[in-house]
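Novice: sequence first, then the predicted structure:
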Amino acid sequence: MELKTEAANPGSPHSSVIKTHQLDKDYRLGLTILKALNHIDLSVTKGEFLGLVGPSGSGKTTLLNIVGSLDTPTRGTVEVLGQKVESLSHKEAAKLRNNHIGFIFQTYNLLPVYTVFENVEFPLLLLGIETPRRRSMVMDALEWVGLADRAESRPAQLSGGQSQRVAIARAIVKKPELVLADEPTANLDAENSHNIMKTMLQLNEDLATTFVFATHDEKVIGYVRRKVTLVDGRIEKDEIQPRH
Amino acid sequence: MFIFKLAFRNILGAGLRTWLNVVALSFSFVAIIFLQGIYTGMNDQVEQATVDAFYGGGQFWQRSYDPYDPLTLDDAHALLPKELNALVQSDQATPILIRQAAIYPEGRFRTILLKGIDPLQKVLSVPSILLMDGQGTIPALIGSRMAKSTGLHKGDELTIQWRDVHGTFDARTVRIIAVVKTSVQEIDNGQVWIPLDQLQSLSAMPGHATIVVLRPSISPPGISSGWEFKSLEYLLQDIHTAVRSKRISASIFYIVLLFLAMLAIFDTQVLSIFRRRKEMGTLMALGMTRANIIELFTLEGALHGIFAAFVAALYGIPLLGYVAKTGWELPGAADAVGFAIGEKLFPTYSVALVAGTTALVLLVTTVVSFLPTRRIAKLKPTDALRGKMS
């Protein structure tokens, strides 16, 4: 099954999706100030399949959260799809996430009382898409991740791999320009990890959706096209990886 | 609309937790309506019984008469003015002569009110017709409470002592021809009823009366002097005051019930907000604003109230309907409260009572559901996703 490209603001093939400049994030721990991000300059263009790699505490999740407008920087600027994240109000940030960004979490974060169908449908309800179109978009997304037959199941009835595929379907159902995934395979076995990465890679190729991962999973790193290595809140390496 | 849909899904999805709250809240609905119905029914019942047995459609009092001052009774009698006489002749009113007297049941002295009533009157529900059966002695009627407190029974003979219009003491024997079972204390405790003409004759007050009771719905005639009209509203004010004071104590119970129900909702909301932080983080990541989430959680709490109203209707309508039809049997001690309730109390449920209680519970549920959600306004999405409370 092929998912038709229908992004809200597709932009030109090489337009910048993410642009950070001298981005800092500090956390105050008692009297100590912890620098989670230190002068991050990063530019991500449309259609990239980028991995933020590095050890725990290197700042991967913090960077992802700021790019996803879930958090704000202490200093510096972040532009996501042309919008300056640091100056967005709560409402504007919610609108940016709702319209243009899909999230995939390590622990799937599916809504437990909803069925698979309802979980995937949720972002479309927020967008106010009418019922017939919504149904067809949800079923398309579920078919894409191979779970159309589990539409009526509850999250508790799914395996870890299936749950993460539902989370992917939920992230891509509205065809966002940007998908942010925080350790998407950390709770999965090797086989499921590979399946998930292949699914996301396929989506990236078919929809030209920009994917940014935070991961320290070696199995995943092999799939990313561009690898940005973070150490102690700084970008240590930014390299393009050859295609397999 | 979609928030409502989500709230609906969430509380249905919460399963047993939702239904426990809904059932607990529905108990409050039913108990509050039942209690209020009891008090409304009690008020109606007391009022109706007292009106039927003694107050009628209002009373004319001889000017000196004060029911709270026995010393006024000596002078509280007069001939009926022609306007009242006309009403009495046409069965639209009945005169009652009230005198102070003493009896000696079981050798003990006791003061009473001796009341004379026309045995053929049709204005009050007092079974005065029984006074036609004198069998040579003065026939007398007493109420069941009076019989109990004096140890008198049907057929007993009793010496009654009184003073006539000249202040002369006199005594006669009367025979109890019936003990009337009545719930109205105004015609029972401390009273002996005899035929009006005999009391007038014994007191040397022919044609005199102390009060004249009008049939309900009769407009009181204008009388220039000597008699004062006491409206039903005036006569019932003591009963209304007593019911009001009982309603205040019932309101405390009402508030406790409401408080308990609200505690359950508040507790559920607080627990939800703490347990569902990660879910809130996810909702924010998916694009919901904090205001949306506050609205969602408040609506979830309020829906408990709406569901509870439906559940309460399911079992409450048949249950309360049955009690309203068959009455609520009162324990014997209830007789001592001083109300003309009878053996059974029939609750009255008005549309205003049901609608008002439902609206109040829904309003309070919504407010109580909203209060804990204010914490969400301070919640940072990143903290919520980690399951932390900001």
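Specialist: Done, it's in. Numbering: from 1, shown residues only, chains lettered A, B, ... in the order given.

Novice: buried ones in stretch B:61-74?
Specialist: B:61, B:62, B:64, B:65, B:67, B:72, B:73 (16 or more other C-beta atoms under 10 Å in any protein chain shown). Where C-beta positions appear, they are placed from N, C-alpha and C, glycine not excepted.

Novice: what about the first one, distance to residue B:196?
Specialist: Going back to what we said before, that points to residue B:61. Using C-beta to C-beta, to the nearest Å, we find residue B:61 at a distance of 16 Å from residue B:196.

Novice: remind me what the longest helix along chain B packs against, helices and strands.
Specialist: Assignment by DSSP state H gives helix B:237-275 as the longest helix of chain B. Applying 3 or more C-beta pairs under 8 Å, 6 or more residues apart in numbering or on different chains; DSSP states H and E, one finds that helix B:237-275 contacts helix B:16-50, helix B:290-326, helix B:351-373.

Novice: for these, which one sits closest to chain A?
Specialist: helix B:290-326 (6.1 Å; C-beta to the nearest C-beta).

Novice: dump the residue contacts of residue B:114.
Specialist: B:98, B:99, B:100, B:101, B:160, B:162, B:191, B:192, B:194, B:199 (C-beta atoms under 8 Å, 6 or more residues apart in numbering or on different chains).

Novice: let me fix that: residue B:354
Specialist: Taking C-beta under 8 Å, 6+ apart as the test, what residue B:354 contacts is residue B:33.

Novice: do you know how far it is from residue A:152?
Specialist: 39 Å.

Novice: next one: residue B:216
Specialist: Counting by C-beta to C-beta, the gap from residue B:216 to residue A:152 is 67 Å.

Novice: ok, those two, which is more surrounded?
Specialist: Neighbour count, other C-beta atoms under 10 Å in any protein chain shown: between residue B:216 and residue A:152, residue B:216 has more, with 13 against 10.

Novice: wasn't residue B:96 part of a helix?
Specialist: No - counting by DSSP: H, G, I helix; E, B strand; the rest coil, residue B:96 is not part of a helix but strand.

Novice: now it: how far from chain A?
Specialist: 72 Å (C-beta to the nearest C-beta, to the nearest Å).

Novice: partners of that residue in the sheet?
Specialist: Beta-bridge partners recorded for residue B:96 (DSSP bridges): residue B:117, residue B:211.

Novice: right, and it touches residue B:126 too?
Specialist: No - contact criterion C-beta atoms under 8 Å: residue B:96 and residue B:126 do not qualify, at 9.4 Å.

Novice: so what's in contact with those two at the same time?
Specialist: By C-beta under 8 Å, 6+ apart, the residues touching both residue B:96 and residue B:126 are residue B:117.

Novice: surely residue B:246 is in contact with residue B:38?
Specialist: No - contact criterion C-beta under 8 Å: residue B:246 and residue B:38 do not qualify, at 9.9 Å.

Novice: more neighbours, those two?
Specialist: residue B:38 (19 against 16).

Novice: in contact with that one, which residues?
Specialist: B:250, B:328, B:345, B:347.

Novice: contacts for the helix of greatest length in chain A, please.
Specialist: Among the segments of chain A that qualify as a helix by DSSP H, the longest is helix A:190-207. With contact meaning C-beta under 8 Å, 6+ apart, helix A:190-207 is reached by A:2-3, A:5, A:7, A:47, A:49, A:144-145, A:159-161, A:164-165, A:168, A:172, A:175, A:179, A:181, A:184-185, A:188, A:209-211, A:217, A:219-220, A:223.

Novice: same thing but 6 Å
Specialist: A:3, A:5, A:49, A:145, A:161, A:164, A:172, A:185, A:209, A:211, A:219-220, A:223 (C-beta atoms under 6 Å, 6 or more residues apart in numbering or on different chains).

Novice: next: stretch A:107-116.
Specialist: Against stretch A:107-116 from outside (C-beta under 6 Å, 6+ apart): A:119, A:150-155, A:163-164, A:166-167, B:10, B:13, B:282.

Novice: out of these, which sit inside helices?
Specialist: Short answer: the contacts of stretch A:107-116 in helices (DSSP H) are A:119, A:163, A:164, A:166, A:167, B:10, B:13, B:282.

Novice: near the fifth one, how many other residues are there?
Specialist: If I follow you right, that is residue A:167. 27.

Novice: verify the stated contact: it with residue A:103.
Specialist: No - with contact defined as C-beta atoms under 6 Å, residue A:167 does not count as touching residue A:103 (8.3 Å).

Novice: can you list the residues of chain A near chain B?
Specialist: A:65, A:70-71, A:91, A:94, A:97-98, A:103, A:109, A:113, A:123, A:125-126 (C-beta under 6 Å from any C-beta of the partner chain).

Novice: can you say which of these are buried?
Specialist: A:65, A:70, A:71, A:94, A:97, A:98, A:103, A:109, A:113, A:123, A:125, A:126.

Novice: which two among those residues are spaced furthest apart?
Specialist: Distance extremes for those: the farthest pair is A:71 and A:113 at 27.4 Å, using C-beta to C-beta.

Novice: mind giving me the domain split of chain B?
Specialist: According to automatic domain parsing, chain B comprises the domains B:2-52+B:239-385, B:59-230.

Novice: and those domains, which one is worst for confidence?
Specialist: If the domains of chain B are sorted by mean pLDDT, domain B:2-52+B:239-385 sits at the bottom with a mean of 83.

Novice: who are the packing partners of the lowest-mean-pLDDT helix or strand in chain A?
Specialist: Across the helices and strands of chain A, mean confidence by mean pLDDT, DSSP states H and E is lowest for helix A:218-221: a mean of 82. If you count contacts as 3 or more C-beta pairs under 6 Å, 6 or more residues apart in numbering or on different chains; DSSP states H and E, helix A:218-221 packs onto no helix or strand.

Novice: which positions in that helix come out as buried?
Specialist: A:219, A:220, A:221.

Novice: for the first one, which non-adjacent residue is spatially closest?
Specialist: Sequence neighbours aside, residue A:193 is the residue nearest to residue A:219 in space, at 4.9 Å (criterion: C-beta to C-beta, 6 or more residues apart in numbering or on different chains).

Novice: what's the answer for residue B:273, then?
Specialist: Nearest to residue B:273 is residue B:372, by C-beta to C-beta, 6+ apart, at 5.5 Å.

Novice: picking up where we left off before, what about the residue nearest to residue A:219, distance to chain B?
Specialist: 22 Å.

Novice: which stretches of chain A form helices?
Specialist: A:60-67, A:90-100, A:116-127, A:131-144, A:160-172, A:190-207, A:218-221.

Novice: where among those helices is the average confidence lowest?
Specialist: Looking at the helices of chain A, the bottom one is helix A:218-221 with a mean of 82.

Novice: so how far is that one from its chain's centroid?
Specialist: 16 Å (C-alpha atoms, centre = their mean, to the nearest Å).

Novice: go ahead and confirm residue B:289 touches residue A:95.
Specialist: No - in this structure residue B:289 lies outside contact range of residue A:95 using C-beta under 6 Å: 8.3 Å.

Novice: more neighbours: those two, which one.
Specialist: Comparing residue B:289 with residue A:95 by other C-beta under 10 Å, the one with more neighbours is residue B:289, at 20 against 17.
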